[in-house]
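# the sequence isn't on hand, but the structure is:
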């Protein structure tokens, strides 16, 4: 027994080294999109506060671009106003309802909230950015995030009381459903971890009519993003000989280098959709214990 | 002690708000400087203390970059190998050193350069290896280690020349 203690004492530094390595590696490998890292909630609050202070200074440097983006978006919204359109018949009036529910069955599906980016990187292979809104203001996991000029930039993956972390589209594990504007063929949008200006869109069928410069939109099949937001344009087309699908190189429309103001979009039916999807899978794939 | 705490905060803030934010030079290069904190800790620090300091530094940076464990692992690794490096390069007892911390003055040019380079390669190799485990190809891995190390060394020597540390010469009287 004495020898055991002597042994432990002699190699105490080595054991301390092993223990600390094991702790850090277990943190690293237990963390991915779906599993929370240890103490991340508390750490998020602290880093959030420091980031906010820093952001108050940094924001001034981007004000000009930010203003231009905002102006651009306002412009496109002005174009949607009803006064821009003449009605062919005075007996017909278009009435738009802003109440979530009405007797005709219109209801709201997407809800927008504004937020400010307080920390952002593009240099890693796994990029996240932090927003100054958290669960107190209704931000939840899996909400979509678009930039102030209306281009998709990421998905919320973690929230604390006052801050939230967003997984950027520039993250090798992030996948978004996207489709071609022209033909409507859809595929999976990923990032290959190399150039932050380009994403790659996989699994586009050979039959699709694609040219350089075509627009890529968020798909109608996405649970997070509302359909029809512009992700980017096709920069290069290559054919995967094994699967026979196109892989498109997409130039992102969003400017990830200076994100400042963003909108967080909540899909009010998200839980219901995902629940139904999971239930269906369970129902079909469960072992048939009942006799035929 | 206070001096090291100020250094800790300063290195972290520089790494998080300047080096991680500057527009990328190239996809193979991420400038790392913060681990110089560990290389500059005093000779007299115990080995357990070194390990703990490394772990705390790494995990703090990790919570800023949302990659818990990545930098902590690399920092603990170099904190563990630091005493061996010093022992191999300067085979003498701690009390014989005339300066408090590793520097050009305390160790001489060649040993100090070797000390910095080996630990930098170790640190960057560890980080890139852990990133590579989940993603990437082998050629990328090698080039990335070389690129990142080169830029780190450049930064470290720039810091050495621009901000000479005021180190007191220790006499036996103390």
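Yes, it's here. Only a predicted model underlies this, so the values are computations on that prediction, with no experimental measurement involved.
# can you list the low-confidence ranges for the chain?
The chain I'm using is chain A. Within chain A, the set of residues satisfying pLDDT under 70 comprises A:31-40, A:81-107, A:287-292.
# try chain B instead
Chain B contains residues with pLDDT under 70 at B:23-27, B:94-95, B:134-136, B:168-174.
# switch to 90 and redo it
Within chain B, the stretches with pLDDT under 90 are B:1-5, B:7, B:13-31, B:40-47, B:62-70, B:83-112, B:127-145, B:147-148, B:157, B:159-174.
# from residue B:4, how far out is the residue of it found nearest chain A?
Across chain B, the shortest distance to chain A (C-beta to the nearest C-beta) belongs to residue B:69, at 3.2 Å. (Glycine included, C-beta is placed from N, CA and C.) Noted for residue B:69: a distance of 24 Å to residue B:4, by C-beta to C-beta, to the nearest Å.
# tell me the residues of the stretch 101-250 of chain A that contact chain B?
Proximity of the stretch 101-250 of chain A to chain B is confined to A:119-126, A:128, A:165, A:172, A:193-196 under the rule C-beta under 8 Å from any C-beta of the partner chain.
# please pick the buried ones from those residues.
Burial by neighbour count, 16 or more other C-beta atoms under 10 Å in any protein chain shown: within those this picks out A:119-126, A:128, A:165, A:172, A:193, A:196.
# those into JSON lines, with extra columns for secondary structure and distance to residue A:179?
Output for those, formatted as JSON lines (DSSP: H, G, I helix; E, B strand; the rest coil; distance: C-beta to C-beta, whole Å):
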{"residue": "A:119", "secondary structure": "strand", "distance to residue A:179": "31"}
{"residue": "A:120", "secondary structure": "strand", "distance to residue A:179": "27"}
{"residue": "A:121", "secondary structure": "coil", "distance to residue A:179": "29"}
{"residue": "A:122", "secondary structure": "coil", "distance to residue A:179": "25"}
{"residue": "A:123", "secondary structure": "coil", "distance to residue A:179": "30"}
{"residue": "A:124", "secondary structure": "coil", "distance to residue A:179": "28"}
{"residue": "A:125", "secondary structure": "coil", "distance to residue A:179": "26"}
{"residue": "A:126", "secondary structure": "strand", "distance to residue A:179": "26"}
{"residue": "A:128", "secondary structure": "strand", "distance to residue A:179": "26"}
{"residue": "A:165", "secondary structure": "strand", "distance to residue A:179": "27"}
{"residue": "A:172", "secondary structure": "coil", "distance to residue A:179": "22"}
{"residue": "A:193", "secondary structure": "coil", "distance to residue A:179": "23"}
{"residue": "A:196", "secondary structure": "coil", "distance to residue A:179": "23"}
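# any chance you could map the helices in the chain?
I went with chain A, as the question did not name one. Remark: helices assigned in chain A by DSSP state H are A:2-10, A:12-30, A:40-78, A:270-285.
# should've been chain B
Along chain B, counting by DSSP H, helices occupy B:2-14, B:36-39, B:47-65, B:70-89, B:104-107, B:109-134, B:138-162.
# please enumerate residues in contact with the fifth one?
Counting contacts by C-beta atoms under 8 Å, 6 or more residues apart in numbering or on different chains, the residues outside helix B:104-107 that touch it are B:43, B:89, B:90, B:97, B:98, B:99, B:112, B:115, B:160, B:167.
# neighbours of the fifth one, how many?
So the one you mean is residue B:98. For residue B:98, the count of nearby residues is 12 (other C-beta atoms under 10 Å in any protein chain shown).
# and it, its phi and psi?
As for residue B:98, its main-chain torsions (degrees, to the nearest 10) stand at phi -90, psi -10.
# what's the answer for the first one, then?
Taking degrees, to the nearest 10, you get phi -60, psi -30 for the backbone angles of residue B:43.
# looking at it, it is touching residue B:83, isn't it?
No. Applying C-beta atoms under 8 Å, one finds residue B:43 not in contact with residue B:83, separated by 9.2 Å.
# on that earlier part again, quick one, which of the helices of chain A is packed in tightest?
helix A:12-30 (a mean of 17; mean count of other C-beta atoms under 10 Å in any protein chain shown).
# angle of it against helix A:2-10?
Counting by axes from the mean of the first three to the mean of the last three C-alpha atoms, to 10 degrees, helix A:12-30 lies at 70 degrees to helix A:2-10.
# what residue in the stretch 51-200 of chain A comes nearest to chain B?
Nearest residue of the stretch 51-200 of chain A to chain B, counting by C-beta to the nearest C-beta: residue A:128, 4.3 Å away.
# run through the bridge partners of that residue.
In this entry, residue A:128 is beta-bridged to residue A:167, by DSSP bridges.
# dump the helices of chain A into a markdown table; add distance to residue B:153 as well.
Listed next are the helices of chain A as a markdown table, based on distance: least, C-beta to C-beta, whole Å:
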| stretch | distance to residue B:153 |
| --- | --- |
| helix A:2-10 | 36 |
| helix A:12-30 | 24 |
| helix A:40-78 | 28 |
| helix A:270-285 | 48 |
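# turn those helices into CSV, columns for distance to chain B.
Shown next, in CSV, are these (distance: least, C-beta to the nearest C-beta, whole Å):
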stretch, distance to chain B
helix A:2-10, 12
helix A:12-30, 3
helix A:40-78, 4
helix A:270-285, 23
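# could you measure from residue A:234 over to residue A:187?
Going from residue A:234 to residue A:187 by C-beta to C-beta gives 12 Å.
# what do the two both touch?
Common contact partners of residue A:234 and residue A:187 (C-beta under 8 Å, 6+ apart): residue A:248.
# and for residue B:58, the neighbour number?
For residue B:58, using other C-beta under 10 Å, the count is 28.
# also residue A:226?
Counted with other C-beta under 10 Å, residues neighbouring residue A:226 total 16.
# isn't it up against residue A:265?
Yes. Using C-beta under 8 Å, residue A:226 is in contact with residue A:265, at 6.3 Å.
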